[in-house]
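Novice: pasting a predicted model and its sequence here:
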2 protein chains.
Amino acid sequence: MPDRQPIFVLVRPQMGENIGAAARAMLNFGVGAMRLVDPRDGWPNPRAVAMASGAAGRVLDSATIHPTTEEAVADCTYVYATTARPRDLTKQVFTPEAAMADAAARLAAGGKVAVLFGPERAGLENDDIARANAIVSVPVNPDFASLNLAQCALLTAYEWRRQAAPAEGARMDYAGTEPATAIEVARLGDHYEDRLDAAGFFFPETKAPGMKRTLRNMWSRLELTRADVQMFHGMLRQLLRRRDTLAEDRRED
Amino acid sequence: MPDRQPIFVLVRPQMGENIGAAARAMLNFGVGAMRLVDPRDGWPNPRAVAMASGAAGRVLDSATIHPTTEEAVADCTYVYATTARPRDLTKQVFTPEAAMADAAARLAAGGKVAVLFGPERAGLENDDIARANAIVSVPVNPDFASLNLAQCALLTAYEWRRQAAPAEGARMDYAGTEPATAIEVARLGDHYEDRLDAAGFFFPETKAPGMKRTLRNMWSRLELTRADVQMFHGMLRQLLRRRDTLAEDRRED
């Protein structure tokens, strides 16, 4: 996680629970710097502490309190204001993704950036937004927008983490095994082909070459692990053993 | 919003409130298809309904109930299982972003995809995950992971929306104005340069060309709108008018 990170500024938050939930949401993605502007119920707030826990409690402990938004962002070089609705202010509007990519670049260049989150009901006031350098707006469903404070902080922190420390999009968890080699897959194909041949599976004979190719193609396509190959060998052996035992039993009857 | 979308399957959810909150979270990003596997407190659940509202209530109304995960995803061609921890199962592991990009491609090709979300406390069981085609894992802070069910659904739906209907990352909200043209900015520069010259601002004379160039450069850099240009003209005119009035008042004294 990069050391330099955006400061999340909660402007006039109302419910302590939501401040605690925002701290938890942020910390899921490694954002630990919180500032509070004039929290309605004062500070410290026991309901905020009850909602946070462990490391999220430490986010609250280190949060600073400021009487105005202006003072809260005084030392910041770039400020984003989160808002859901248009404000009739000429301003750059970013998606959370683009905003946090922009923030990561500014932080890497030595800047200090903050993100403003408004009070639960009304959101930020236009006066707060006019002091910010840009707007962040989550592209929600226009027919149903109901993001709460912690969810807005969650999505912003998620995007920060995604831009600042991208995760590998897709990876195979081999869980103790590894991909089979081509020769292992070929031997497995041989094993099945031999036994199926003996069992009369490739019938009629004119179709046998095509059926064998289809089967061979399947084994290659499955991206088998070494454990899979052993499993398929073992299944076949056991099925034949069981069949042979049954056949023997029947002969003995 | 695309018509074809992933189905969110809540496996053995416990609290009705969380089912309602998940419906709200999904609908923020236009995901409206929910299936429930064996909800702990039966169905319909009044607490779920109380938590949802408006369109989110309709997500609950149209949710289908299934006794097992197998039955819930019977008609799906690809199933993702969300989980936070490694499971000792050989499986593809996607970030939400990569998973939903993959889902968008499968849906566009006519597939039917589902995403499994586990019960609040324990998450999905390994038996559920073994039936899924791939794992989705949110890259949370390893030292503090506390995503709840609705937040997990929120991030997944957010990524679905982002992959299926990408928003413009950065755009200028001109709020009724538009960018100034070069000639408008040049005339503004002329206006200030003339008045400042008359006021003796460019002093000493040897430094005047450099100061004028710096000022001209600033006007160009500011990316002014037409409204900004009018504002700057108006401010200058008013400042001079006020100054001249004051000077006249003083003469009359």
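Specialist: Here it is on my side, so go on.

Novice: who in the stretch 1-150 of chain A is up against chain B?
Specialist: Residues of the stretch 1-150 of chain A lying near chain B by CB under 8 Å from any CB of the partner chain: A:1, A:24-25, A:27-30, A:53-56, A:86-95, A:97-98, A:101-102, A:135, A:138-141, A:143-147. In short, each C-beta sits where N, CA and C put it, glycine included.

Novice: which of these fall within helices?
Specialist: Using DSSP state H, the members of these that fall in helices are A:24-25, A:27-28, A:55-56, A:97-98, A:101-102.

Novice: quick one: which of these is nearest B:A164?
Specialist: Of all these, the one with the least separation from B:A164 (CB to CB) is A:E97, at 14.4 Å.

Novice: where does the stretch 51-200 of chain A have low pLDDT?
Specialist: Nowhere does the stretch 51-200 of chain A drop to pLDDT under 70.

Novice: would you mind checking the ones in helices among the residues of the stretch 1-150 of chain A next to chain B for buried ones?
Specialist: Buried members of those, scored by 16 or more other CB atoms under 10 Å in any protein chain shown, are A:24-25, A:27-28, A:56, A:97-98, A:101-102.

Novice: how about a markdown table for the ones in helices among the residues of the stretch 1-150 of chain A next to chain B, with distance to A:L224 added?
Specialist: Output for these, formatted as a markdown table (distance: CB to CB, whole Å):
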| residue | distance to A:L224 |
| --- | --- |
| A:R24 | 42 |
| A:A25 | 41 |
| A:L27 | 40 |
| A:N28 | 36 |
| A:A55 | 42 |
| A:A56 | 44 |
| A:E97 | 37 |
| A:A98 | 42 |
| A:A101 | 39 |
| A:D102 | 44 |
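
Novice: list just the nearest of those residues to chain B.
Specialist: In terms of CB to the nearest CB, no member of these lies closer to chain B than A:A98, at 3.3 Å.

Novice: nearest spatial neighbour of the closest residue to chain B within the stretch 101-250 of chain A, chain-adjacent residues omitted?
Specialist: Closest to chain B within the stretch 101-250 of chain A is A:G169: 3.3 Å, counting by CB to the nearest CB. In this structure, A:G169 finds its nearest non-sequential neighbour in B:A98, 3.3 Å apart by CB to CB, 6 or more residues apart in numbering or on different chains.

Novice: need the three-state assignment for A:V115.
Specialist: Following DSSP: H, G, I helix; E, B strand; the rest coil, A:V115 is assigned to strand.

Novice: so what sits opposite it in the bridge?
Specialist: A:F8, A:Y80 (DSSP bridges).

Novice: count of residues packed around it?
Specialist: Residue neighbour count, defined by other CB atoms under 10 Å in any protein chain shown, stands at 28 for A:V115.

Novice: correct me, but it touches A:F8?
Specialist: Yes: counting by CB atoms under 8 Å, A:V115 touches A:F8, with 5.5 Å between them.

Novice: between the two, what contacts are shared?
Specialist: Shared contacts of A:V115 and A:F8, defined by CB atoms under 8 Å, 6 or more residues apart in numbering or on different chains, comprise A:T156.

Novice: contacts only, for A:R226.
Specialist: By CB under 8 Å, 6+ apart, the residues touching A:R226 are A:177-180, A:184.

Novice: same thing but 7 Å
Specialist: For A:R226, the contacting residues are A:177-178, A:180, A:184, by CB atoms under 7 Å, 6 or more residues apart in numbering or on different chains.

Novice: and it, how far from A:E193?
Specialist: According to CB to CB, to the nearest Å, A:R226 and A:E193 sit 20 Å apart.

Novice: same check, this time on A:R58
Specialist: A:R58 is 63 Å from A:E193, where distance means CB to CB.

Novice: neighbour-wise, which of the two wins?
Specialist: A:E193 (18 against 14).

Novice: what does the stretch 151-253 of chain A have sitting close to chain B?
Specialist: A:151, A:154-155, A:158, A:161, A:167, A:169-175, A:177, A:225, A:227 (CB under 7 Å from any CB of the partner chain).

Novice: let's see it at 10 Å
Specialist: Within the stretch 151-253 of chain A, the positions near chain B by CB under 10 Å from any CB of the partner chain are A:151, A:154-155, A:157-159, A:161-162, A:165-179, A:223-225, A:227-228.

Novice: ok so, going back, quick check: the residue nearest to A:G169 touching B:Q163?
Specialist: Yes: with contact defined as CB atoms under 10 Å, B:A98 counts as touching B:Q163 (9.1 Å).

Novice: let's check: the centremost residue of chain A is which one?
Specialist: A:Y158 (7.4 Å; CA atoms, centre = their mean).

Novice: look up phi and psi at the nearest residue to that one once chain neighbours are set aside.
Specialist: Counting by CB to CB, 6+ apart, A:Y158 lies nearest to A:F29, which is 5.3 Å off, once chain neighbours are set aside. Phi and psi for A:F29, reported as degrees, to the nearest 10, are phi -120, psi 30.

Novice: do a quick rundown of the strands in chain A.
Specialist: Ranges of strands within chain A are A:7-11, A:34-37, A:64-66, A:78-82, A:91-94, A:113-117, A:134-136, A:170-173, based on DSSP state E.

Novice: let me have those in TSV, extended by distance to A:A208.
Specialist: Conversion of these to TSV gives the following (distance: least, CB to CB, whole Å):
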stretch	distance to A:A208
strand A:7-11	67
strand A:34-37	71
strand A:64-66	78
strand A:78-82	66
strand A:91-94	62
strand A:113-117	67
strand A:134-136	64
strand A:170-173	35
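
Novice: and the average pLDDT for the longest helix seen in chain A is what?
Specialist: For chain A, the helix that runs over the most residues, judged by DSSP H, is helix A:226-252. Mean pLDDT, helix A:226-252: 85.

Novice: identify each buried residue in that helix, please.
Specialist: Of the residues in helix A:226-252, A:228-229, A:232, A:236 count as buried by neighbour count, 16+ other CB under 10 Å.

Novice: how far off centre is that helix?
Specialist: 44 Å (CA atoms, centre = their mean, to the nearest Å).

Novice: can you pull the buried residues of stretch A:167-181?
Specialist: A:167, A:173, A:179-180.

Novice: what's the span of that stretch, first residue to last?
Specialist: 28 Å (CA to CA, to the nearest Å).

Novice: do you know the pLDDT at the residue nearest to A:Y158?
Specialist: With respect to pLDDT, A:F29 scores 96.

Novice: next, count neighbours for it.
Specialist: A:F29: 28 surrounding residues under other CB under 10 Å.

Novice: residue contacts, it?
Specialist: With contacts defined as CB atoms under 10 Å, 6 or more residues apart in numbering or on different chains, the neighbours of A:F29 are A:1, A:5, A:153-162, A:164-165, B:138-141, B:144-145, B:147.

Novice: are any of these buried, and which?
Specialist: Among these, those classed as buried by 16+ other CB under 10 Å are A:5, A:153-162, A:164, B:138-141, B:144, B:147.

Novice: ok, A:A167 to B:A99 distance?
Specialist: 12 Å.

Novice: swap that for A:A25, please
Specialist: On the measure of CB to CB, A:A25 and B:A99 end up 21 Å apart.

Novice: wait, A:E223 touches A:M172, no?
Specialist: Yes: between A:E223 and A:M172 there is a contact under CB under 10 Å: 8.6 Å.

Novice: can you pull the residues that touch both of these two?
Specialist: Here A:E223 and A:M172 share the contacting residues A:179, B:92, scored by CB under 10 Å, 6+ apart.

Novice: A:L10 touches A:A23, doesn't it?
Specialist: Yes: with contact defined as CB under 10 Å, A:L10 counts as touching A:A23 (9.3 Å).

Novice: between those two, which has more neighbouring residues?
Specialist: Applying other CB under 10 Å to A:L10 and A:A23 shows that A:A23 carries more neighbours, namely 30 against 26.
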